[in-house]
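Q: Model the structure of this input:
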Amino acid sequence: MDSNRSFEDSLVLEGVIAAYRFVHAADIHLDSPLRSLALRDPELASLIGNATRKAFVRIVDLCLDEQVDALLLAGDLYDGEQTSMKTARFLAEQLRRLSDAGIQTFIIRGNHDALSRITKELVLPESVKVFGGRAEAVPVKRDAGAFPVVVHGLSFTHPQAPESLLSKYKPPVPDALNIGLMHTSLAGAPGHDVYAPCSLADLHGTEFRYWALGHVHKRMVSEGPCTVVMPGIPQGRDINEAGAKSATLVTIHDDRTIHLEQRFTSLAQFERISIDATGIEDWGKLAVAIGRTLEKVRRDIPSEHLVARLHFTGETPLAWRIRRDIDLLTTEAQDRASVIGGCWVEKLETSCQAPGAAAAGSSDPLMELRRLIQDDVVGSDAFRAELTAAADELRRKLPAECRGIFGSNEAAFQNSLALLAREGMEDVLARLHAGEKGEQL
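A: Numbering: from 1, shown residues only. Presented below is the predicted three-dimensional model:
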């Protein structure tokens with residue numbers, strides 16, 4: 001089970017001596033391109049772009065500090081068709097640090113690695129085992145008297161794997177502790193394409209003791225006949241990978257019981273933060289609320305940097321102004337964040353309403369216009385078709401790594417377009433409201 005105890009504490013409390021220890025990580029995505037973020041804030045993009053390397057250094061440091069036996073990397077070290085040998089040199093240098101300390105590394109290739117030239121060309125230390133496209137079962141060299149350990153692995157040779165790979169793995173070695181490395185989407189996960197699908201029940205039925213998985217970027221642990229761990233991505237790259245990120249330190253004791261420790265690795269942590277603006281009538285007080293909220297969240301997270309997306313809710317007389325002047329409020333929020341330190345504001349969103357807006361009758365011309373736009377424009381087949389065509393044309397012009405901005409499937413694509421249409425409607429109404437009140441646009 002997960003624990004925040006140190007390894008030394010666990011030994012004292014459990015009264016046993018660890019027999020085999022390793023760090024399990026996956027989905028490093030070294031030097032992942034961040035062009036969409038760079039368009040908004042180049043400095044923030046630089047921080048997050050370098051953070052993938054720093055997270056990997058922390059994984060290697062963890063291995064060295066804990067004096068583990070091995071590092072297990074369950075796929076997607078890279079991020080697609082990269083050709084930079086700087087990435088290759090960095091990886092080789094880090095794995096050489098482990099080799100010099102007598103720590104083995106076991107690697108399988110994921111769907112992104114299958115696209116990378118680095119995967120095929122990089123020369124790694126002899127202590128590194130990179131599994132190929134045919135399943136292998138590799139015995140681990142152990143001291144005399146220690147129970148045998150066998151690591152099983154199978155790499156992607158192509159970027160697609162629509163069928164389960166589980167049946168291709170070697171059977172468990174009798175009397176040994178069998179550890180499996182697999183890159184899989186399991187039964188499916190939001191935001192992830194299907195790769196080498198299989199169920200937790202299938203994995204628990206293999207008679208392996210531990211399954212080291214990769215591919216899904218959210219951490220998951222399943223304990224039963226065996227322990228199945230998806231460590232998640234060690235460094236989030238955008239708001240859809242929010243939360244603290246980590247690797248898993250695994251201790252297998254002489255009695256073959258397993259102890260897991262989640263160890264945080266992320267330099268920067270994305271978070272969606274809600275701010276209730278109900279009752280706030282002054283722009284300055286709203287700015288103060290932003291600062292206080294950011295300070296609290298920054299103080300509570302384990303990562304050095306907070307990257308926040310703020311969402312304003314509630315009923316406030318400032319509702320129209322927040323939407324109209326979202327750019328000015330963004331600048332104010334970013335200024336407050338810079339004063340806090342280690343804090344960034346990536347974007348602002350609002351769903352605030354003016355007091356009584358929900359109950360406004362047809363006598364309010366803006367409310368009547370909203371209903372007309374919703375029913376006769378946004379809800380029409382002709383508008384949806386035109387919006388879809390425009391978004392399709394835009395998506396084709398984007399760099400390959402940015403084309404998922406509208407979603408990874410048709411349903412997500414249409415949901416994104418519906419949201420953009422609603423946001424556009426509210427922006428127009430906010431500007432009309434300013435004109436109606438005689439405010440400067």
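
Q: which ones are touching the most centrally placed residue in the chain?
A: What sits nearest the mean C-alpha location of the chain, by CA atoms, centre = their mean, is Glu241, with 3.0 Å. Contacts for Glu241 (CB atoms under 8 Å, 6 or more residues apart in numbering) come out as His217, Ile233, Phe270. Every C-beta, even on glycine, is put in place using the N, C-alpha and C of the backbone.

Q: For Thr157, see how far away the nearest residue to the second one once chain neighbours are set aside is.
A: Residue nearest to Ile233 in three dimensions, not counting chain neighbours: His217, with 4.0 Å by CB to CB, 6 or more residues apart in numbering. Counting by CB to CB, to the nearest Å, the gap between His217 and Thr157 amounts to 23 Å.

Q: tally of neighbours for Ala382?
A: The tally of other residues near Ala382 (other CB atoms under 10 Å) stands at 8.

Q: so how far is the strand or helix carrying it off the chain centroid?
A: Using DSSP states H and E, Ala382 falls within helix 381-397. How far helix 381-397 lies from its chain's middle: 28 Å, per CA atoms, centre = their mean, to the nearest Å.

Q: now for it, which elements pack on it?
A: Judged by 3 or more CB pairs under 8 Å, 6 or more residues apart in numbering; DSSP states H and E, the packing partners of helix 381-397 are helix 410-436.

Q: mind checking how far the helix it packs on is from the chain centre?
A: 27 Å.

Q: Remind me what it packs against, helices and strands.
A: In terms of contacts (3+ CB pairs under 8 Å, 6+ apart), helix 410-436 is packed against helix 319-324, helix 365-372, helix 381-397.

Q: could you give the angle of that helix to helix 381-397?
A: Calculated by axes from the mean of the first three to the mean of the last three CA atoms, to 10 degrees, helix 410-436 forms an angle of 110 degrees with helix 381-397.

Q: Give me the average confidence score over helix 410-436.
A: Helix 410-436 shows a mean pLDDT of 73.

Q: next one: stretch 219-233
A: Computed over stretch 219-233, the mean pLDDT rounds to 96.

Q: Tell me how many other residues crowd the nearest residue to Phe406 once chain neighbours are set aside.
A: Counting by CB to CB, 6+ apart, Ser416 is the residue found nearest to Phe406 once chain neighbours are left out, at 4.5 Å. A count of neighbours around Ser416, defined by other CB under 10 Å, yields 14.

Q: Could you do Arg299 as well?
A: 9.

Q: is it true that Ala289 touches Ala277?
A: Yes - using CB atoms under 8 Å, Ala289 is in contact with Ala277, at 7.3 Å.

Q: So which of those two has more stuff around it?
A: Remark: of Ala289 and Ala277, Ala277 carries more neighbours, 22 against 16, as counted by other CB under 10 Å.

Q: And that one, how far from Trp283?
A: 11 Å.

Q: Likewise for Leu310?
A: From Leu310 to Trp283 the distance is 15 Å (CB to CB).

Q: Kindly report the same for Asn178.
A: In terms of CB to CB, Asn178 sits 62 Å off from Trp283.

Q: These two: who's more crowded?
A: Asn178 (23 against 15).

Q: any idea which element that one lies in?
A: Using DSSP H and E, Asn178 falls within strand 177-184.

Q: Can you name every helix or strand that that strand contacts?
A: strand 70-74, strand 104-108, strand 149-153, strand 210-215.

Q: in the helix or strand just after it, what counts as buried?
A: Proceeding N to C from strand 177-184, the next assigned helix or strand is helix 200-204, under DSSP H and E. Neighbour-count burial for helix 200-204, counted by 16 or more other CB atoms under 10 Å, picks out Leu200, Leu203, His204.
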